[in-house]
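no FASTA, just this:
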């Protein structure tokens, strides 16, 4: 969470590794077994930032847009194998994410936003439970969920 002009290359690489390679590595780890058994359900989380960009979030949003593309392609490629895929894209969630932001002003802003309006981790867990609880004939390909409480 910083302007592109800061050129935080190491942070960008770490974000790419976690948010894109993490999704790809997870898929690669389970897909062969699911293909062999001709069933399965892969669920991953992204972010509202994969739908709406914001200042100081170009790289983060870019990785989340990539996650959406990966999961949609997975859905299209593997439906013939009866493998479902779901992407959960929550808005602000009250987590420790703010601790990973190096810019002190931005970190405080995100921390306050999370505690003021953030979803709870249980809300995201409920979305996961809903998606995997549907019949095998249903694929919830994506859930976009945002806080109902407005910003003041």
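Alright, I've got the coordinates. Because the structure is predicted, anything quoted here is derived from the model rather than measured.

how near is residue 62 to residue 120?
27 Å (CB to CB, to the nearest Å). Every residue, glycine included, has its C-beta placed from N, CA and C.

Run through the residues that contact the spatially most central residue of the chain.
For the chain, residue 46 is the residue whose C-alpha lies nearest the centre (CA atoms, centre = their mean; 0.9 Å). Shown in contact with residue 46 (CB atoms under 8 Å, 6 or more residues apart in numbering): 64, 67, 68, 71, 87, 88, 89.

give me that answer again for 6 Å
64, 67, 68, 87, 89 (CB atoms under 6 Å, 6 or more residues apart in numbering).

try residue 132
Taking CB under 6 Å, 6+ apart, we find residue 132 in contact with residue 41.

heads up, I number from 49, so please use that
Sure, I'll start counting at 49 from here, so that last one is residue 180.

So it belongs to a helix, correct?
Yes. Counting by DSSP: H, G, I helix; E, B strand; the rest coil, residue 180 falls inside a helix.

quick one, which of residue 110 and residue 168 is more surrounded?
residue 110 (18 against 12; other CB atoms under 10 Å).

Now name the helix or strand holding that one.
Residue 110 is part of helix 106-126 when elements are defined by DSSP states H and E.

ok, now residue 154?
Counting by DSSP H and E, residue 154 is found in helix 152-165.

any idea of the mean pLDDT for the longest strand seen in the chain?
Taking DSSP state E as the criterion, the chain has its longest strand at strand 131-138. Averaged over strand 131-138, pLDDT sits at 97.
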